[in-house]
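K.L.:
Sequence first, predicted coordinates after that:
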Amino acid sequence: MHSLKESTRILRTAAWIWIGFLLAMALMDFVLYTQTNLPITQNPPFQQLAPGQQLPPNSQGLVPAQPNLLRNPFKPVYLFYGANGLIALLFLIFAHSTWIQIKLGKAFYPLLLLTISTAPIIINVLITPRFPQGPLANAEGMALRQLPVLFVALALVAWEYELTHVIFFSIATTTLELSLIYFSTMNYRSISVFIFIAIIRMISFIAVGVFISLLVTQLRQQRESLRDANANLTHYASTLEQLTVSRERNRLARELHDTLAHSLTAISVSLETAKAYFDIDSNKTRELIDKSLESTRIGVDETRRALKALRSSSLEDMGLGLAIQRAAESAAARFHLNLTLDLKNPMPSLSPDVEQTIYRIAQECIENIINHSRAKNFSVSLQSNGHTTLTIQDDGIGFDMKSDISSGHFGLVGMHERAELVGGKLKIESPALSGEAVSKGEKGKGTKVVLTI
């Protein structure tokens, strides 16, 4: 069953089609009957000759009587269109009346369907045989006068109901019509022709009705599929929106960690060192405090830049290779480390997200080297051979990856998240030294980070 709104719209369309068909048929009858030049009187009955009158040629003792009272032969035509037009107009009013629709409830659609299915048949069988002699006054004309309206009724049944109802409609309308013809005053030849036409129409209605019903069933299935797809799409859009928000929050957290957290860490280390030298070497203390102030200014600038665009301006200004080179050389100069660079320039074209990921992971690794590894040497390599590979290695003390990840070491988590978002693979090798080995100043095997995209 379709929605009430759709069914009402279909009924209103059917009403206008019915009225339009009646107007077209009335115009055609007017033209046809006007061209036939029918007399305004019917043929009078015949009467016997009076005594002494001569028989006219070819007569059998009967002569025409005087004309009877005048009679309009088009009266059945007027009655036909008057009755059909009145019912079609009532059908139109009912179809457009919301009040009637509410009052009738579930009976609204079946009642109007019954009206458009039976009224044309009853009026056609009772009135059309009384038409004056004309092109559409025979049995074939009777069938043509009601066929379009019944076809509209067939479409209404196929639209609202199942295939069995379509077949029932075709058989029921034919049965009603044949029953009325059986009790009519039509001659035997006209009845036999009309029965033949009615049976052919019933078979045609069943065939066409089955086709329409299959189309409507397919339409319903497609609507259901579309409705399900729309619901899934809505759910997917909502999920994607939530995921996008979550990813953006994680990205913002990573950006703040890569800028603000690193600056604060550097400041903290410098101030702790200055505190240790405070009573020993005032010049060294002053130098460390100046370095802390410089780190503070840098941190503020980097934080503002991250919050403004959440994308490194170094990438925009210099490209990926030079941006990584600048970050590595700056760190090596600040902390007196030996740096080995192996950067391929120019790099092949990469998407902004991939470039951002490679740069941020490189930046994170370099910051970890200068803040945690106690390394003296480190190397940075960026190559492209089908895949883009970033390799950063140092000779520091290393760290316990499982321990750091389980304890919430955010740098490692952020690097893995960045790599996964762009379809990359991050591999970290870092055999950590024991606390005793570190205290003895032993040299570690360092940390190696390999990013492949």
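P.N.:
Received, thanks. Computed from a predicted model, the values in this text were never measured in an experiment.

K.L.:
Which positions within stretch 87-98 qualify as buried?
P.N.:
87, 88, 91, 92, 94, 95 (16 or more other Cβ atoms under 10 Å). C-beta coordinates here come from the backbone N, C-alpha and C atoms, glycine included.

K.L.:
burial of the residue nearest to residue 426 when sequence neighbours are not counted, as a residue count?
P.N.:
Nearest residue to residue 426 in three dimensions, chain neighbours excluded: residue 419, at 4.0 Å (Cβ to Cβ, 6 or more residues apart in numbering). Residue 419 has 20 neighbours, counted by other Cβ atoms under 10 Å.

K.L.:
Quick check: residue 419 touching residue 361?
P.N.:
Yes: judged on Cβ atoms under 8 Å, residue 419 makes contact with residue 361 at a distance of 6.9 Å.

K.L.:
Strands of the stretch 151-300 of the chain, residue ranges please.
P.N.:
Secondary structure of the stretch 151-300 of the chain (DSSP state E, counting those that start in this stretch): no strands present.

K.L.:
For it, give me the ranges with low pLDDT.
P.N.:
Along the stretch 151-300 of the chain, the parts satisfying pLDDT under 70 run over 185-190, 251, 255, 258-259.

K.L.:
If we use 50, what do you get?
P.N.:
Applying pLDDT under 50 to the stretch 151-300 of the chain picks out no residues at all.

K.L.:
cool, the stretch 351-453 of the chain as well?
P.N.:
410, 434-440.

K.L.:
what ranges do the strands span in it?
P.N.:
Ranges of strands in the stretch 351-453 of the chain, per DSSP E, counting those that start in this stretch, are 377-385, 387-394, 425-429, 448-452.

K.L.:
Show me the contact partners of the third one.
P.N.:
The list of residues contacting strand 425-429 from outside it, by Cβ atoms under 8 Å, 6 or more residues apart in numbering, reads 361, 401, 412, 415-416, 419, 447-453.

K.L.:
do the longest one as well
P.N.:
The set of residues external to strand 377-385 that reach it, using Cβ under 8 Å, 6+ apart, is 320-321, 324-325, 328, 332, 337-344, 347-348, 358, 362, 366, 369, 388-395.

K.L.:
That strand pairs with which strands, parallel or anti?
P.N.:
Using DSSP bridges, strand 377-385 pairs in its sheet with strand 338-343 (parallel), strand 387-394 (antiparallel).

K.L.:
Of those strands, flag the one that's most buried.
P.N.:
Counting by mean count of other Cβ atoms under 10 Å, strand 387-394 has the highest mean neighbour count of the strands paired with strand 377-385, with a mean of 21.

K.L.:
okay, the angle between it and strand 425-429?
P.N.:
Computed by axes from the mean of the first three to the mean of the last three Cα atoms, to 10 degrees, the angle separating strand 387-394 from strand 425-429 equals 20 degrees.

K.L.:
and residue 397, how many neighbours?
P.N.:
Residue 397 has 24 nearby residues by other Cβ under 10 Å.

K.L.:
ok, for residue 166, nearest residue in space, not its chain neighbours?
P.N.:
Leaving aside its sequence neighbours, residue 166 sits nearest to residue 209 (Cβ to Cβ, 6+ apart; 3.7 Å).

K.L.:
so that neighbour touches residue 158, yeah?
P.N.:
Yes: applying Cβ under 8 Å as the test, residue 209 and residue 158 come out as touching, 5.5 Å apart.

K.L.:
Common neighbours of the two, please.
P.N.:
residue 166.

K.L.:
Show residues contacting stretch 252-270.
P.N.:
The contact list for stretch 252-270 (Cβ under 8 Å, 6+ apart) reads 288-289, 291-292, 295-296, 298-300, 302-303, 305-306, 310, 360, 363-364, 367, 371, 410-411, 414, 417-418.

K.L.:
Can you give me the end-to-end span of it?
P.N.:
End-to-end distance for stretch 252-270, by Cα to Cα, to the nearest Å: 26 Å.
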